[in-house]
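Q: Return atomic coordinates for the entry below.
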Amino acid sequence: MEKKTFVIAIDGHSSCGKSTLARQLAEKLDIVYVDSGAMYRALTWYAQQHRCFDEKDTLNRQKLIQTLPDINIDFIKKNNEHHTMLNNQDVSGLIRSMEISKLVSEVSAVPKVRQKMVKLQRKMAQNKSLVMDGRDIGTVVFPDADLKIFLTAKEQIRAKRRFKELREQGIKTDFEAVLENIKKRDRIDSTREVSPLKKAGDACVIDNSELTPEEQLAKALQLVKKKCHEN
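A: As a prediction, this is how the structure comes out:
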């Protein structure tokens with residue numbers, strides 16, 4: 001039976017441009033883009049709104065787990081932009097703050113949270129081609145993805161890019177705080193017990209430290225073309 005869908009899994013460190021590449025590929029290939037990081041950020045925002053964190057930002061895991069049956073996350077494209085929908089509410093502009101960035105790794109480390117997200121992600125891939133980025137897409141969510149890309153860049157470069165992005169959004173912070181946040185997230189993501197960040201054995205590595213977004217996209221499209229020929 002001929003395979004009619006094509007799944008691209010993009011994994012990598014925080015603030016290395018996974019979402020940018022995934023969006024570009026989705027546009028070029030005319031397939032669905034799923035931002036798994038936005039899913040965890042949306043849940044983190046929901047947890048914050050429902051007081052799952054105390055005044056010291058310590059997560060009440062049990063309280064968070066109790067909210068999971070009520071969670072539904074989806075993505076829509078509106079005016080050529082991808083929007084994150086949490087229980088039919090557009091939270092795209094609410095989930096990108098430094099405050100959410102500080103909390104999201106702790107939420108994503110909860111095993112039942114990851115189980116919930118994987119279930120939602122796999123459901124999205126039924127009967128349609130898509131590109132999804134995250135930290136465990138090629139290793140856990142879609143181990144049989146048609147193409148796996150592992151994206152990385154040097155810490156300082158990732159921090160500079162993130163700092164610039166926050167400043168452009170009008171969010172006040174300092175470079176050292178951004179750099180420390182990236183180091184902390186890398187440490188948590190790569191050492192957590194469930195679905196740690198790691199490169200899949202058959203993933204293609206792209207180090208974009210010295211690449212422009214256009215050069216990065218060109219490399220990724222070459223990989224897609226190669227995989228399509230192989231299949």
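Q: I figured Ser15 was touching Arg158, is that so?
A: Yes. Taking contacts as C-beta atoms under 8 Å, Ser15 lies within contact range of Arg158: 4.3 Å. All C-beta spots, glycine's among them, are computed from the backbone N, C-alpha and C.
Q: which residues do these two both contact?
A: When contacts are counted by C-beta atoms under 8 Å, 6 or more residues apart in numbering, Ser15 and Arg158 have Ile182 as shared neighbours.
Q: Let me know the distance separating the spatially most central residue of the chain from Lys164.
A: Most central in the chain under C-alpha atoms, centre = their mean is Gly37, positioned 2.8 Å from the mean C-alpha point. According to C-beta to C-beta, to the nearest Å, Gly37 stands 18 Å off from Lys164.
Q: Who are the packing partners of the lowest-mean-pLDDT helix or strand in the chain?
A: In the chain, the helix or strand scored least confidently by mean pLDDT, DSSP states H and E is strand 73-78, which has a mean of 84. When contacts are defined as 3 or more C-beta pairs under 8 Å, 6 or more residues apart in numbering; DSSP states H and E, strand 73-78 sits against strand 32-35, helix 36-49, strand 81-86, helix 111-124.
Q: For the closest residue to Val32 other than its chain neighbours, give me the backbone phi and psi.
A: Excluding the flanking residues, the one nearest Val32 by C-beta to C-beta, 6 or more residues apart in numbering is Leu130, at 4.0 Å. Backbone dihedrals for Leu130, given as degrees, to the nearest 10, come out at phi -160, psi 160.
Q: and what of Ala153?
A: The phi and psi values for Ala153, taken as degrees, to the nearest 10, are phi -160, psi 160.
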